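Chemist: How does the following fold in three dimensions:
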Amino acid sequence: MAASYHRDWSWPQRAFADEIAIGHLGKLRLQLDGYDMASRTKRVVTVNDHMQTGYRYELVAPKGRNFHSEFRPELTPAEMLSLGVFCGKYMNDTRKEFPSSWFTHAKLSPSHRDCSFNYFGVDASQPLSVWRKKGWIHSDDPRGWFQWYCRYYMGRRIPEEDARQIKRWKAIRRHVAQVKRHCEPGDLTCRRRQRQALLHWAYDSRKI
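Modeler: The predicted structure is shown next:
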């Protein structure tokens, strides 16, 4: 029998009631993408990598869900990594922070930047020093936009910074329009650098 619960309950409360109703209370340990039903606490991530030490953030939203209404990326972080982005040198020292499944098929260079790892085989990145000079780097995400996206995808929320990064993501759409204007549909040899750059912003330029 389905659980009977108040219509104003939130979805975690309803899920909790359903677990009781189907007789699994003794096994209850429901982890819902950063929200621990058993302890009613939010998951805290501590980062220690080559660029951040002791940085901590909370996961307050379900993984891959509850995005801002104007933010609709076409690729997940795992899909981007498996296609080949940033010349294979971006996430190499951050594996402990993110799901291991993201790296199962990731194209990562074991040593130096190698743009043959990119899906379109060309370099489409500016040096991090340029991003810093232009003021595009936020102190919470020293690696830039993709790091922000990975953490946003996992459930971190920083309202002001999220709004800034989503605005930047929306501005990249102009490159989609340019590829459509100058290339035949499906011609992946046309404007490869621009297509690769779009992949770096979670736009699936293979479909243009």
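
Chemist: tell me the domain ranges of the protein?
Modeler: Domain segmentation of the chain under automatic domain parsing yields 1-32, 43-207.

Chemist: what would the ones you listed look like in TSV with mean pLDDT and mean neighbour count?
Modeler: Heads up, the C-betas are built off the backbone N, CA and C, glycines and all. TSV is the format used below for the domains of the chain (pLDDT from 0 to 100; neighbours: other Cβ atoms under 10 Å):
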stretch	mean pLDDT	mean neighbour count
domain 1-32	43	11
domain 43-207	95	16
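
Chemist: May I ask you to confirm that residue 58 belongs to a strand?
Modeler: Yes - membership of residue 58 in a strand is supported by DSSP: H, G, I helix; E, B strand; the rest coil.

Chemist: pretty sure it contacts residue 154?
Modeler: No - with contact defined as Cβ atoms under 8 Å, residue 58 does not reach residue 154; the gap is 10.5 Å.

Chemist: How about the residue most central in space within the chain, nearest residue that isn't a chain neighbour?
Modeler: The centroid of the chain falls nearest to residue 150 when counting by Cα atoms, centre = their mean (2.9 Å). Excluding the flanking residues, the one nearest residue 150 by Cβ to Cβ, 6 or more residues apart in numbering is residue 77, at 4.7 Å.

Chemist: Confirm for me that that neighbour is in contact with residue 102.
Modeler: Yes - assessed by Cβ under 8 Å, residue 77 is found in contact with residue 102 at 6.1 Å.

Chemist: can you confirm residue 160 is in a strand?
Modeler: No - assigned with three-state DSSP, residue 160 falls outside any strand and is helix.

Chemist: quick one: it and residue 151, what's the gap?
Modeler: Applying Cβ to Cβ, to the nearest Å, the value for residue 160 to residue 151 is 15 Å.

Chemist: can you check residue 173 too?
Modeler: Using Cβ to Cβ, one gets 22 Å for the distance from residue 173 to residue 151.

Chemist: same thing with residue 184?
Modeler: For residue 184, the distance to residue 151 (Cβ to Cβ) stands at 37 Å.

Chemist: May I ask you to confirm that residue 55 belongs to a strand?
Modeler: Yes - counting by three-state DSSP, residue 55 falls inside a strand.

Chemist: Identify the bridge partners of it.
Modeler: residue 47 (DSSP bridges).

Chemist: now the angle from the host helix or strand of residue 150 to strand 53-59?
Modeler: Per DSSP states H and E, residue 150 falls inside helix 145-154. For helix 145-154 against strand 53-59, the angle by axes from the mean of the first three to the mean of the last three Cα atoms, to 10 degrees is 40 degrees.

Chemist: Helices of the protein, start to end?
Modeler: 11-21, 77-83, 128-133, 145-154, 159-171, 173-182, 192-199 (DSSP state H).

Chemist: contact partners of the third one?
Modeler: The contact list for helix 128-133 (Cβ atoms under 8 Å, 6 or more residues apart in numbering) reads 137, 143, 144.

Chemist: wait, which of the residues you listed is closest to residue 166?
Modeler: Nearest to residue 166 among the contacts of helix 128-133 is residue 144, at 14.4 Å by Cβ to Cβ.

Chemist: need the contact list for residue 198.
Modeler: 172, 175, 176, 179, 204, 205, 208.
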